[in-house]
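# quick one, structure for this:
(2 chains)
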Amino acid sequence: MGDIVTMDDLTNQEIVAVLDDAERLVPVAKGDVYLPLLQGKVLANMFFENSTRTRMSFETAMKRLGGSVLNFTSIGTSVAKGETLYDTMQMIDGYADVAAIRHPRQGAAQYSADAVEIPILNAGDGAGNHPTQTMLDLFTIRQAHGTLEGLNVVLVGDLRYGRTVHSLSHALVRFGAKLTLVSPSTLKMPVEIVTDLREHGSEIMETESLEDQIAGADVIYVTRIQKERFPDEDEYAKVAGIYKIEASDLSGAMKGMIVMHPLPRVDEIDPGVDSTEFARYFKQAFNGVPTRMALLCRSLGIDVPKKVN
Amino acid sequence: MTEMRRVTAIRNGTVVDHIPSGNAMQVIRILRIDTDRATPVSLVMNVPSDKLGRKDVLKIEDRELDQEDLDRLALIAPAASIAIIRNHAVAEKMKVELADDLVNIAKCSFWNCITKNDREPLPQRMRVTSRDPLQVRCYYCGRGQEIDELIENIL
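Model (predicted):
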């Protein structure tokens, strides 16, 4: 019931309600206010694949709300001995009240949700979905622009394999965004996703050049070109560093435009951008905490008070 | 009925009529009709049909199709009509109907789907997302499945 496997598990209304909850929880996320809404509750962090930000922000979110966390990694555990995901999740069903799962295989989150009683939050499954990242991305965008409606969003980099841009683009078109997809031809957004996006009646433009897109953008969302996806070094070398944003590139940007990145970055965004008014990626990383707090509360059926102080 | 007499009538078994012309071999595969079976299977291909223009017909001796077979059949012959024959007479008529949810019909074709581990115990599940044209996606990983791949991966 409280599962969030893909963004389809939340209606637009529910998305807005979660973002409203997250906004009120910001002082709690910062540690300025102590609000033990989840006291006595246990989160299982089931990470079958590496993660830094997602795992840690789930942990902080749970602890700031007075709950506790079981951290699981697959290295050196029963999984390394050949345990099925089903069996591992049966164990967790008895130990925790809610689980966040990251898994290298696509569909692992839906599979887990079917295998257990406790609510499952998908923290990334293969190249599939990453809805809690999308929620924090939406939170960041709304925080900057005051709305999610009808924005002009430019997605840049590896649009083929990047699960964050897949989930995010689906969510944005539901709010009437105009999307510009910027990538080398080898890393274009998969055709079936572009078809889905257009079916929503959204205006989608695909291009290889970022330069012309900066001036009209409300949001530039940059992703890392992932070296591990390329069959050989030469192919990677051709596109590595193809989109490198420097502070001077942003001189023509609209006031209020924001540059986002799910992090980690390599060299797509020059550190010189960090100190500009446009940089929003570190704040975006922090936003994972209040957003995941709100999502944990929703999954556990706990209402966030209308006033937090 | 002339086309029905192109092959001998069967005593007990199933007649699958109105298979889209050219799909009979796929039907044989999807119904897992083994070539080393003891009793005959008759196949008529490309005969005239009022309903389909041209059609294939399959007569399977000594086998009565069940609901699970019909669910499979719906993937490639959604307009097929089924007659169960007992003692040379039609004992039962059945229609093929494509369900929204296909449970344990075929394995997902995507190499990185969670269900690729044969030891995982939950059933294989597919969702029919569109009927015309037919579009089927894995319920777990969400990947679209080609119909040829589904037949290849029939359970």
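
# could you use CA atoms for every contact and neighbour count after this?
Will do.

# residue 35: neighbour count?
By default, I'm working from chain A. 19 (other CA atoms under 10 Å in any protein chain shown).

# that's the wrong chain, I meant chain B
Using other CA under 10 Å, residue B:35 has 10 neighbouring residues.

# which SS class is it?
Here residue B:35 is recorded as coil under DSSP: H, G, I helix; E, B strand; the rest coil.

# now chain A against chain B: closest residue?
Among all residues of chain A, residue A:107 sits closest to chain B, at 3.7 Å; criterion: CA to the nearest CA.

# chain neighbours aside, what residue packs nearest to the closest residue to chain A within chain B?
As assessed by CA to the nearest CA, chain A sits closest to residue B:141 within chain B, at 3.7 Å. The shortest distance from residue B:141 to any residue other than its chain neighbours is 3.7 Å, reached at residue A:107 (CA to CA, 6 or more residues apart in numbering or on different chains).

# CA atoms only for stretch A:124-143, dumped as CSV, please.
The C-alpha atoms that make up stretch A:124-143 are tabulated as CSV, following Å, rounded to 0.1, in the frame of the first residue of the first chain:
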residue,chain,number,x,y,z
GLY,A,124,17.2,2.5,-7.8
ASP,A,125,16.8,-0.8,-9.7
GLY,A,126,19.3,-1.3,-12.6
ALA,A,127,18.6,1.2,-15.3
GLY,A,128,15.0,1.2,-14.3
ASN,A,129,13.5,3.6,-11.8
HIS,A,130,14.6,5.9,-9.0
PRO,A,131,11.5,7.6,-7.7
THR,A,132,12.8,9.0,-4.5
GLN,A,133,15.5,10.8,-6.5
THR,A,134,12.8,12.2,-8.7
MET,A,135,10.9,13.4,-5.7
LEU,A,136,13.9,15.3,-4.4
ASP,A,137,14.5,16.7,-7.9
LEU,A,138,10.9,17.9,-8.1
PHE,A,139,11.3,19.4,-4.6
THR,A,140,14.4,21.3,-5.7
ILE,A,141,12.7,22.5,-8.8
ARG,A,142,9.6,23.7,-7.0
GLN,A,143,11.7,25.3,-4.3
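
# following element in sequence after the helix or strand of chain A with the lowest mean pLDDT, please.
Ranking every helix and strand in chain A by mean pLDDT, DSSP states H and E puts helix A:233-239 at the bottom, with a mean of 84. Using DSSP states H and E, the helix or strand that follows helix A:233-239 towards the C-terminus is strand A:258-260.

# output the contacting helices and strands for that next one.
Applying 3 or more CA pairs under 8 Å, 6 or more residues apart in numbering or on different chains; DSSP states H and E, we find strand A:258-260 packed against strand A:219-222, helix A:281-299.

# can you put those in a markdown table and add mean neighbour count?
As requested, the helices and strands packed on strand A:258-260 are exported to a markdown table (neighbours: other CA atoms under 10 Å in any protein chain shown):
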| stretch | mean neighbour count |
| --- | --- |
| strand A:219-222 | 24 |
| helix A:281-299 | 23 |
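
# TSV for these, including mean pLDDT and distance to residue B:130?
Output for the helices and strands packed on strand A:258-260, formatted as TSV (pLDDT from 0 to 100; distance: least, CA to CA, whole Å):
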stretch	mean pLDDT	distance to residue B:130
strand A:219-222	98	32
helix A:281-299	97	31
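
# in CSV: these, plus distance to residue A:153.
Listed next are the helices and strands packed on strand A:258-260 as CSV, based on distance: least, CA to CA, whole Å:
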stretch, distance to residue A:153
strand A:219-222, 5
helix A:281-299, 15
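
# can you tell me the centre-most residue of chain A?
Centroid-nearest residue in chain A, with CA atoms, centre = their mean: residue A:133, separated by 1.4 Å.

# check contacts around that residue.
A:54, A:123, A:164, A:262, A:288 (CA atoms under 8 Å, 6 or more residues apart in numbering or on different chains).
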